[in-house]
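need a structure here:
(one chain, ligands or ions: 2)
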Amino acid sequence: MSVIDIMKNFGEFYEPSDIEETIEEIIGSEEQKSFLHDFFQAINVINTMPEGELPFSITLSALLVGPPGTGKTTLCKAFAKHYKVPIFLVYADSLIGSILGKTLNNIRDVLNAAHTYAKNKTPVVVFFDELDAIASERSSVYEVGEIKRAVVTLLQRMDSILNSKDPIAFLGATNHQHLLDSAVWRRFCYHISFPFPDVKIRKQIINNFLEQLKSSSNFTIQVSEAQIDSVASEEVTGGFTGADIKRGFQIALLRALKDRILDNDKLSLSLQSAGGTKTHIDNEKRMSGREQFDSGQNIQNNKTIKGKSNLKAKKVL
Ligand SMILES: Nc1ncnc2c1ncn2[C@@H]1O[C@H](COP(=O)(O)OP(=O)(O)O)[C@@H](O)[C@H]1O
Ligand SMILES: [Mg+2]
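Residues are numbered from 1 along each chain as shown. Ligands and ions are numbered 1, 2, ... in the order given. As a prediction, the model looks like this:
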């Protein structure tokens, strides 16, 4: 099996020419883009530098942190295309095996394959997407043994590969910085935050989708400037990611198919029905807080309400 075939077992391997994403399609994120320019440029530059030219080594590993739908994966692929570096997108959860020892072997296989590829002096970026799927398990009370060893292996192999000076760089993406083990956190040299877009960026994203619709002569756009300001506002799209706004426009497009008209009402209703990721995350947090609160109350109720089961005690609440 070729090294590329091995990599494809755990994710996707893209040659730059196969990538369609562009840097421009992610609006805003200027600081993040500026960092990624430096990072991707460094991969190519370091590769051609004579030994000993740098006073100390540069570690090419970075962690991208932010809620889902803020453009992390898209930008990594787009930069790989722009700088003509192949990118190996590893789905972290594909590494977790059900048989004892399997996760460890998977991690070894993946990293060895990527390293073998880079040893031929072909630069490659290894991107661990949704890293929290594996890394957050390390401190979990349920999986102390296997996952812990697997994460240690991952970090050690990453370090030794980076020290080998072969042209390889590591990127990781996570939604939950707080779930990541501190060792994982430390091991990535740079941390880049991808926050929810602010009102200015949301307006640009909305305008960009409207422009795309306008440029297709199939649709009549009857959306006023005031309405654009209104839907970009905190009240309508506060806590929306770029991906949420995109979904809103997909809904709007669906609603506009009949008469080929997108007006103020359709746009605002579609964005509202798409809903924002922040509300979703907050609800999840509230639910898990509520569960803890409920179970705390149940213990109390068990003490006070004699003979009632947890279930009944819950109903009493
Ligand atoms: N800032 C943005 N501007 C425009 N589109 C965006 C933006 N952020 C996200 N999107 C849209 O959402 C899609 C999904 O983003 P993705 O890269 O998968 O996010 P993540 O990896 O952070 O979960 C992108 O392909 C893009 O169409
Ligand atoms: Mg992603």
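
Now do the same contact list for H115.
Listed by C-beta atoms under 8 Å, 6 or more residues apart in numbering, the contact set of H115 reads 161, 164, 166, 168. Just so you know, the C-beta spots here come from the backbone N, C-alpha and C atoms, and that holds for glycine as well.

Is the residue lying closest to I168 once chain neighbours are set aside in a helix, a strand, or coil?
Leaving out its chain neighbours, the residue that sits closest to I168 by C-beta to C-beta, 6 or more residues apart in numbering is A118, at 4.0 Å. Following DSSP: H, G, I helix; E, B strand; the rest coil, we place A118 in the helix state.

A118: what's it in contact with?
Here A118 is in contact with 124, 161, 166-168 (C-beta under 8 Å, 6+ apart).

Top of these by number of neighbours, please.
Most neighbours among the contacts of A118, by other C-beta atoms under 10 Å: I168, with 26 neighbours.

how about the helix or strand containing E12: buried residues?
Using DSSP states H and E, E12 falls within strand 11-14. Across strand 11-14, burial judged by 16 or more other C-beta atoms under 10 Å covers 11, 13-14.

near ligand 1 too, which of those residues?
Applying C-beta under 6 Å from any ligand atom, the subset of the buried residues of strand 11-14 adjacent to ligand 1 is empty.

Strands of the stretch 151-300 of the chain, residue ranges please.
Using DSSP state E, counting those that start in this stretch, the strands of the stretch 151-300 of the chain run over 168-174, 190-193, 220-222, 261-263.

Verify the contact between T174 and L64 for me.
Yes. T174 lies in contact with L64 (C-beta atoms under 8 Å); the separation is 7.5 Å.

Can you check which residues contact both of the two?
With C-beta under 8 Å, 6+ apart, T174 and L64 have no common neighbours.

What is the burial count for the closest residue to S193 other than its chain neighbours?
Closest residue to S193 apart from its sequence neighbours, by C-beta to C-beta, 6+ apart: V65 at 5.4 Å. Neighbours of V65 under the rule other C-beta under 10 Å: 23.

Give the full set of residues in contact with V65.
V65 sits next to 173-175, 177, 191-194 when contact means C-beta under 8 Å, 6+ apart.

what's the model's confidence in stretch 254-264, averaged?
Averaged across stretch 254-264, the pLDDT comes to 94.

Same question for stretch 225-241.
Averaging pLDDT along stretch 225-241 gives 97.

again with stretch 152-163
For stretch 152-163, the mean pLDDT works out to 87.

do stretch 128-135 as well
In this model, stretch 128-135 carries a mean pLDDT of 80.

and that stretch, is it in reach of ligand 1?
No. Taking C-beta under 6 Å from any ligand atom as the criterion, stretch 128-135 and ligand 1 are apart, separated by no less than 7.1 Å.
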